[in-house]
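Undergrad: 3D, please:
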Amino acid sequence: MSGLYDAFDDVYLLDGLRTPQVDYQGAFADANPIDLGIHVARAVLRRGDVDPARVDTTLAGNMAPGGFDQFYLPRHIALYAGVPLERPALMVQRICGTGFELFRQAGAELRAGRSLVLVVGTESMTRNPIAAFDHRGGFRLGAPVAFKDYMWEALHDPAPGISMIATAENLARRYGITREQVDAFAARSFARALQAQADGWFDDEIVAVGHERFELDGYRPRGIRLCGKARLAERDTHPRPTTPQALAGLRSAIPDGVQTAGNSSALTDAAAAALVGDAAALRRHGRAALARVAAAAVVGVPPEIMGLGPAPAIRLLLERSGLELDAVARFEINEAQGAQTLAVALELGLDAQRLNVHGGAIALGHPLAATGVRLTVTVARQLRASGARWGVAAACIGGGQGIALLLENPQARS
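TA: Take a look at the predicted model:
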């Protein structure tokens, strides 16, 4: 199979944390994604008892600007998290695959001789701007004013001339997926996320966020102010009781289609961070790895069926790693749209008991650059909790790509 494949022998996920995923226009509405990234970066370093001076480089991902200072996002996250001034930082962008790409590039950094990498994915869907690209030369008399919703317009792929929702509809037709099946899948995502919350599953991967001020000697302070009357955000806010019958009452995004607001990924704001290091970093910090990042794969697919991307990415990942599908105990595949995830499951022959067992983006949301970090950490935690050895985290990518990571539980090696 064609595509990019990277195998890693000495790349470990030391730890990972995320903020709660908060609904669009919720408590994080006024929070710059840089500051959400700083908060979670500080938290993962603190929980791991890792001196920021040990971080060799910072890789940060973000898609849409949440402020005029977006250019500085990776650098400011690193500096305000305490990483030394002389250590560089880099912005990473692979649309919905950005969080996974962070781990892939962290593996390349470690292979090149670095020992510890801080990775951060952060996204404010709320603060996607209303933008214009046509008025640098001024406004002509009577000409249309071309300000548009950045996020809404970005959902349209001009190459095939269709929206991301339409790509899921293409897959629904190709695989014979019905509206009833998509609504049932969405209801299951909500039910699993609610059960995970009730069981406290997410507690160990979430760091609460409140009003906060970030100081940096010699530089201006930054900070977070929660929106409205909120004083503390500590739980994902989108999971809610629902049924296939309730979802069936929602209007489809495209006439006679299967996708609705209820069975597509929710709009949420969040940040997630992880520490990725080599065996020397593990020894230095005297701790076991949460998981080993064993391999990564990235492929291209036709833009009009972009949602199928995880299927060939997972196939390439497993084929080159010498594993059969049945060897993988847990799959986390981003639920960009319900029909898209179902198409991937049908293409690969995945059973529901191994796929998104604690709910997915339909229930929890899809803050673009943060999603891949969350899914990777979630898979690693599932492997440790279950004692299973292999897990895969994957996503489709707008424009026609798929990305997948293979994680190993070192404690489960035979």
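
Undergrad: which residues in the protein form helices?
TA: In the chain, the helices defined using DSSP state H lie at 33-47, 73-80, 98-111, 150-154, 164-175, 179-199, 244-248, 279-285, 310-321, 338-348, 361-364, 368-386.

Undergrad: Tell me which of these is the most buried.
TA: helix 361-364 (a mean of 30; mean count of other Cβ atoms under 10 Å). Quick note: C-beta positions are derived from backbone N, CA and C, even for glycine.

Undergrad: what does the average pLDDT come to for it?
TA: When pLDDT is averaged over helix 361-364, the result is 98.

Undergrad: Contacts for it next, please.
TA: With contacts defined as Cβ atoms under 8 Å, 6 or more residues apart in numbering, helix 361-364 is touched by 21, 185-186, 189-190, 192-194, 236, 238-239, 262-266, 268, 334-336, 338, 371.

Undergrad: low-scoring stretches of the stretch 101-250 of the chain, by residue?
TA: Regions of the stretch 101-250 of the chain meeting the criterion pLDDT under 70 are absent.

Undergrad: which residues touch the residue most central in space within the chain?
TA: Nearest residue to the geometric centre of the chain (Cα atoms, centre = their mean): Thr371, 1.1 Å. Neighbouring residues of Thr371 by Cβ under 8 Å, 6+ apart: 96, 98-99, 121, 123, 334, 361, 395.

Undergrad: My read is that Met306 contacts Thr167, right?
TA: Yes: Met306 lies in contact with Thr167 (Cβ atoms under 8 Å); the separation is 4.9 Å.

Undergrad: Between those two, which contacts overlap?
TA: With Cβ under 8 Å, 6+ apart, Met306 and Thr167 have common neighbours Asp157.

Undergrad: Not counting its neighbours along the chain, what's nearest Phe28?
TA: Distance criterion Cβ to Cβ, 6 or more residues apart in numbering; nearest residue to Phe28, sequence neighbours excluded, is Asp269 at 4.0 Å.

Undergrad: Let me see the contact set for the one you found.
TA: Per Cβ under 8 Å, 6+ apart, neighbours of Asp269: 21-24, 26, 28-29, 31, 33, 36, 123-127, 367.

Undergrad: at 6 Å instead, please
TA: 22, 28, 124-126, 367 (Cβ atoms under 6 Å, 6 or more residues apart in numbering).

Undergrad: And it, how far from Gly365?
TA: Counting by Cβ to Cβ, to the nearest Å, the gap from Asp269 to Gly365 is 8 Å.

Undergrad: As TSV, the helices of the chain with distance to Ala297 would be great.
TA: Rendered in TSV, the data for those read as follows (distance: least, Cβ to Cβ, whole Å):
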stretch	distance to Ala297
helix 33-47	26
helix 73-80	24
helix 98-111	9
helix 150-154	25
helix 164-175	20
helix 179-199	25
helix 244-248	33
helix 279-285	23
helix 310-321	4
helix 338-348	14
helix 361-364	21
helix 368-386	13
